[in-house]
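# Need coordinates for the below:
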Amino acid sequence: MNLKGRDFLWLGDYSKEELEFILKVTAQLKERYYAGERIIPVLKGKTLALIFQKPSTRTRVSFEVAMKQLGGFTITLNWNELQLGRGETIADTARVMSRYVDGIMARVYSHDDLVELAKYSTVPVINGLSDSFHPVQALSDMFTILEKKGKLKGVKLVFLGDGGNNVAQSLLIASAKLGVNITISSPPKYRPSKEVLEVAEEAVKHSGAQIDFIEDPYEAVEGADVIYTDVWVSMGQEKEKETRIKELSKYQVNIELMKHARKDAIFMHCLPAHRGQEVTDDVIDGPWSVVWDQAENRMHTQKALLALLL
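Numbers count the residues shown, from 1 in each chain. Next up, the predicted model:
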């Protein structure tokens, strides 16, 4: 399957078969990594530009290491270090960067900026996070679930908290395409956008997955195989902090909530975690937690993505 030259802005652009293929390559690369094959130089001599408008730990380190393990190079750039910070257009930046590098990963506030970047870039553009989507995270999450549960189809995933944030929206599309039954448990105002829900509803017609919205968190997690949460206040939402904490507090993942899921349920979080808010220490550090494997899998999944796109 040839994915070379494609952008990776959101999962709606990729078919079930294409996503499964990326996960298959991820498994192969991770197996070779643990067999001691740390450098697989399929991207020897190629350069990836990493552009950050938002700060990052996992996205930056995982992409840098992934590219270098594929034999390539990275250039890490802060948005304000570029002429973008002084008014140069995104279109002009894209045209110039395309002459220098073989791919661009950008982590931005506005998804529209990412779309603009991809429109004028002649090299693949990868979404490292935007206000609407976090596709590399959701792809890695699907790989982690596959590792831990041995399958995706029929697995029950429950996302609690801000069900309309970038991670939740990406998980919804990934689940709908790959056959994962997803339940979003949140207040009605914190739900995915109409456009994202329409894409997901179309996808489940082919995958057979189920999408549910259950406001009560304890009812939502009954029979759950995977319980997932994310921060309640994302970057750029600081002014809403008090309101969000008040409205989402009953969706905290704690031991009492975990007891209502299946006995072999796992806990996932994309990190960074605000311990004591959306999750308690005894859950994220407890036997249910797979968050550290989940974080590691970002590197393996992105390695597969880079190898296939570049």
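
# Could you identify the helix or strand that succeeds the host helix or strand of Ile245?
Using DSSP states H and E, Ile245 falls within helix 241-248. Scanning forward in sequence from helix 241-248 by DSSP H and E, the next helix or strand is helix 255-258.

# residues touching the most centrally placed residue in the chain, list them.
For the chain, the residue nearest the mean C-alpha position is Gln137 (1.8 Å; C-alpha atoms, centre = their mean). Residues in contact with Gln137 (C-beta atoms under 8 Å, 6 or more residues apart in numbering) are 129, 167, 170, 270, 298. All C-beta spots, glycine's among them, are computed from the backbone N, C-alpha and C.

# In a strand, Leu271, correct?
No. Leu271 is assigned coil when assessed by DSSP: H, G, I helix; E, B strand; the rest coil, not a strand.

# roughly how far apart are it and Ala295?
6 Å (C-beta to C-beta, to the nearest Å).

# Mutual contacts of the two, please.
Arg58.

# who has more neighbours, these two?
Neighbours were counted for Leu271 and for Ala295 using other C-beta atoms under 10 Å; Ala295 has more, 19 against 16.

# Tally up the residues packed near the spatially closest residue to Ala200 that is not a sequence neighbour, please.
Closest residue to Ala200 apart from its sequence neighbours, by C-beta to C-beta, 6 or more residues apart in numbering: Ala176 at 3.9 Å. Around Ala176 there are 28 other residues, counting by other C-beta under 10 Å.

# The one 10 residues further on too?
The local packing of Ser186 (other C-beta under 10 Å) involves 24 other residues.

# SS state for the closest residue to it other than its chain neighbours?
In this structure, Ser186 finds its nearest non-sequential neighbour in Gly163, 3.8 Å apart by C-beta to C-beta, 6+ apart. Under the three-state scheme (three-state DSSP), Gly163 adopts coil.

# Quick check on Gly163: phi, psi?
phi -70, psi 0 (degrees, to the nearest 10).

# Now do the contacts for it.
Contacts of Gly163 by C-beta under 8 Å, 6+ apart are 184-186, 190-192, 213.

# Any chance of TSV for the residues you listed, columns distance to Tyr251, secondary structure and pLDDT?
Output for the contacts of Gly163, formatted as TSV (distance: C-beta to C-beta, whole Å; DSSP: H, G, I helix; E, B strand; the rest coil; pLDDT from 0 to 100):
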residue	distance to Tyr251	secondary structure	pLDDT
Ile184	10	strand	98
Ser185	6	strand	98
Ser186	7	coil	98
Tyr190	9	coil	97
Arg191	13	coil	97
Pro192	16	coil	98
Phe213	13	strand	98
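
# Check those residues against Glu116 and report the nearest one.
If you rank the contacts of Gly163 by distance to Glu116 using C-beta to C-beta, Pro192 comes first, at 23.1 Å.

# The closest one reaches Leu172, doesn't it?
Yes. Using C-beta atoms under 8 Å, Pro192 is in contact with Leu172, at 5.5 Å.

# out of the two, which sits in the busier spot?
Leu172 (29 against 25).

# Excluding residues flanking it in the chain, which one is nearest the more buried one?
Of all residues not flanking Leu172 in the chain, Ala200 sits nearest, at 4.9 Å (C-beta to C-beta, 6+ apart).

# Repeat that for Val108.
Using C-beta to C-beta, 6+ apart and skipping the chain neighbours, the partner closest in space to Val108 is Gln53 (4.6 Å).

# And for that neighbour, the neighbour number?
Neighbours of Gln53 (other C-beta under 10 Å): 22.
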